[in-house]
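Peer 1: with the sequence up front, the predicted model follows.
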Amino acid sequence: MATPQTFPELPLFDLRLEPQDLEAVAATLRSGWLTLGPRTAEFEEAFAAHLGSRHAIALSSCTAALHLAYLTAGVGPGDEVIVPSFTFVATAAAALYCGATPVFAEIVSRKTPSLDPEDVERRITPRTKAVCVVHYAGYAAAADRLKELCDAKGIALIEDVAHAPSASLGGRKLGTWGLSGAFSFFSNKVLSVGEGGLLCTDSDEVAALARSLRSHSMTSGTWDRHTGRTDTYDVTALGYNYRLDEPRAALLLSRLNRLEAEITRRRELTLRYRELLAEVEGIIVPFEDADVASSSCYVLPIMIEEDGRQAQVSSRLRERGIQTSIFYPSIHHFSAYRERFPDVSLPVTELASRTELTLPFYPHMSGADQDRVAQALAEAVAE
Ligand SMILES: Cc1ncc(COP(=O)(O)O)c(C=O)c1O
């Protein structure tokens, strides 16, 4: 018999859909057209306008978007892509898909766990083809400095914006600083629909190539044939099936209408969490001085000051029904990566990975639940 599943009382993330979301999906299911088609095109247009980007290409995941971002930047076998190790594995894996080598660079500090431009500069070699900056937790990394550096060296800057839809730096939306930006609509993200992703770019060339690679580099799609535009196609290169389907595009369109309101709520909750956590001894709150108004406030990470306490604190919180997670274990310590990259040493990243805990956080979280998390955390750290 299957073990009954128990869910934490306070989960890391809790997704709430509204009746209009369900209706949008139901209407799409009733329409009789379920894959890449008019709703996807409508979502792409709306998301591009929201970002202020020339092009938005909807995809099956952010992992697919990163793969296409690297490919369309010309990354191939023998090239190097500089990435943080303090990120989700997809940022690095996508470089390996291209036959390239991910070169791991440091974060600035536990207070600012974003890619360190100075360390990036030190790691540039004649083989460096791209740098991928991750806007961790929804806070802008130094995309401006990295852009200057990459432009000066003739290297492509790619942004992993999985955490940061609608966030900005100097009034410019994240994802639009580099050659292209890769967004995620995975189920725990700020704009979540289960699975999904998107590549944005101002480059007509990158956009045309990404659109083609998304659907096996076919010269026409099923929708074109369905609508009688053409009845045949050629395949011009090795492509992929990275298409988004219409029900998820409809859900994205519906949820996009509430994105700003939900992020506003996330910002309020982040400020409230910051006040509560300022009273907790023995922790560091990353980005505590950063302006929430330019962040998407995706998650609420904390770092335990003392090394070696992560498992104990997390298990104390779990006993009290509070789920936590580690955002992120260092990629270079995963077994598949340790084998390939045995000599990587990134002390700041490694300490961050050993001491980080991500707390429950979602737009409809109550103040009482935040109080409960902060209180339990204070007690667990003090033990
Ligand atoms: C920083 C980062 N990059 C990439 C991804 C991959 O996103 P997806 O699950 O949409 O492929 C994620 C998702 O967890 C992420 O957090």
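Peer 2: Thanks, I have it.

Peer 1: bridging residues for residue 200?
Peer 2: For residue 200, the beta-bridge partners under DSSP bridges are residue 56, residue 181.

Peer 1: quick one: it and residue 53 touch, right?
Peer 2: Yes: here residue 200 reaches residue 53: they are 4.1 Å apart, a contact under C-beta atoms under 8 Å. For glycine as for every other residue, the C-beta is placed from the backbone atoms N, C-alpha and C.

Peer 1: common neighbours of those two, please.
Peer 2: The contact sets of residue 200 and residue 53 overlap at 175, 176, 181 (C-beta atoms under 8 Å, 6 or more residues apart in numbering).

Peer 1: pull up the residues of the stretch 1-150 of the chain that are close to the ligand.
Peer 2: 61, 62, 63, 87, 88, 90, 91, 134 (C-beta under 6 Å from any ligand atom).

Peer 1: in a markdown table, list those along with neighbour count, secondary structure and pLDDT.
Peer 2: Output for these, formatted as a markdown table (neighbours: other C-beta atoms under 10 Å; DSSP: H, G, I helix; E, B strand; the rest coil; pLDDT from 0 to 100):
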| residue | neighbour count | secondary structure | pLDDT |
| --- | --- | --- | --- |
| 61 | 21 | coil | 98 |
| 62 | 28 | helix | 98 |
| 63 | 23 | helix | 98 |
| 87 | 25 | coil | 98 |
| 88 | 21 | coil | 98 |
| 90 | 22 | helix | 98 |
| 91 | 27 | helix | 98 |
| 134 | 25 | strand | 98 |
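
Peer 1: residue 200 and residue 53: who's more crowded?
Peer 2: residue 200 (30 against 20; other C-beta atoms under 10 Å).

Peer 1: thinking residue 81 is in contact with residue 129, fair?
Peer 2: Yes: between residue 81 and residue 129 there is a contact at 6.4 Å, judged by C-beta under 8 Å.

Peer 1: tell me which of these two has more neighbours.
Peer 2: residue 81 (28 against 20).

Peer 1: need the three-state assignment for that one.
Peer 2: strand (DSSP: H, G, I helix; E, B strand; the rest coil).

Peer 1: next one: residue 157
Peer 2: strand.

Peer 1: hey, what's it bridged with?
Peer 2: Beta-bridge partners, per DSSP bridges, of residue 157: residue 131.

Peer 1: residues near residue 144, how many?
Peer 2: 14.

Peer 1: can you pull the contacts of it?
Peer 2: 169, 170, 177.

Peer 1: contacting residues around the first one?
Peer 2: If a contact means C-beta under 8 Å, 6+ apart, then residue 169 has 140, 143, 144, 177, 294 as its contacts.

Peer 1: based on its surroundings, how many neighbours for the fourth one?
Peer 2: Spelled out, that is residue 177. Residue 177 has 25 nearby residues by other C-beta under 10 Å.

Peer 1: for the remainder of this discussion, apply numbering that starts at 366.
Peer 2: Got it, the first residue is 366 from now on, which makes the last one we talked about residue 542.

Peer 1: wasn't it part of a strand?
Peer 2: No: counting by three-state DSSP, residue 542 is not found in a strand; it is coil.

Peer 1: excluding sequence neighbours, find me the nearest residue to it.
Peer 2: residue 508 (3.9 Å; C-beta to C-beta, 6 or more residues apart in numbering).

Peer 1: please tell me how far the one you found sits from residue 659.
Peer 2: Separation of residue 508 from residue 659 (C-beta to C-beta, to the nearest Å): 12 Å.

Peer 1: wait, residue 713 sits on residue 471?
Peer 2: Yes: with contact defined as C-beta under 8 Å, residue 713 counts as touching residue 471 (5.3 Å).

Peer 1: can you tell me the closest non-neighbouring residue to residue 623?
Peer 2: Once flanking residues are discounted, residue 623 sits nearest to residue 383: 7.4 Å by C-beta to C-beta, 6+ apart.

Peer 1: same question but for residue 471, I mixed them up
Peer 2: residue 484 (4.1 Å).

Peer 1: any idea of the mean pLDDT in the helix or strand containing that neighbour?
Peer 2: Assessed by DSSP states H and E, residue 484 sits inside helix 482-488. Per-residue pLDDT over helix 482-488 has a mean of 98.

Peer 1: how about that helix, which residues are buried there?
Peer 2: 482, 484, 485, 486 (16 or more other C-beta atoms under 10 Å).

Peer 1: counting by contacts, list what it packs against.
Peer 2: strand 466-470, helix 508-518 (3 or more C-beta pairs under 8 Å, 6 or more residues apart in numbering; DSSP states H and E).

Peer 1: now for those, which one comes closest to residue 529?
Peer 2: helix 508-518 (10.2 Å; C-beta to C-beta).

Peer 1: figure out how far the closest one is from the centre of its chain.
Peer 2: Offset of helix 508-518 from its chain centre (C-alpha atoms, centre = their mean, to the nearest Å): 21 Å.

Peer 1: in it, what counts as buried?
Peer 2: Applying 16+ other C-beta under 10 Å to helix 508-518 flags 508, 510, 511, 512, 514, 515 as buried.

Peer 1: and of the residues you listed, the nearest to the ligand?
Peer 2: Here the nearest of the buried residues of helix 508-518 to the ligand, counting by C-beta to the nearest ligand atom, is residue 508; it sits at 14.4 Å.

Peer 1: tell me the contacts of the closest one?
Peer 2: Here residue 508 is in contact with 498, 500, 522, 524, 534, 539, 542, 543 (C-beta under 8 Å, 6+ apart).

Peer 1: which parts of the lowest-mean-pLDDT helix or strand in the chain are buried?
Peer 2: Among the helical and strand segments of the chain, the one scoring lowest on mean pLDDT, DSSP states H and E is helix 587-591, with a mean of 77. Of the residues in helix 587-591, residue 588 count as buried by neighbour count, 16+ other C-beta under 10 Å.
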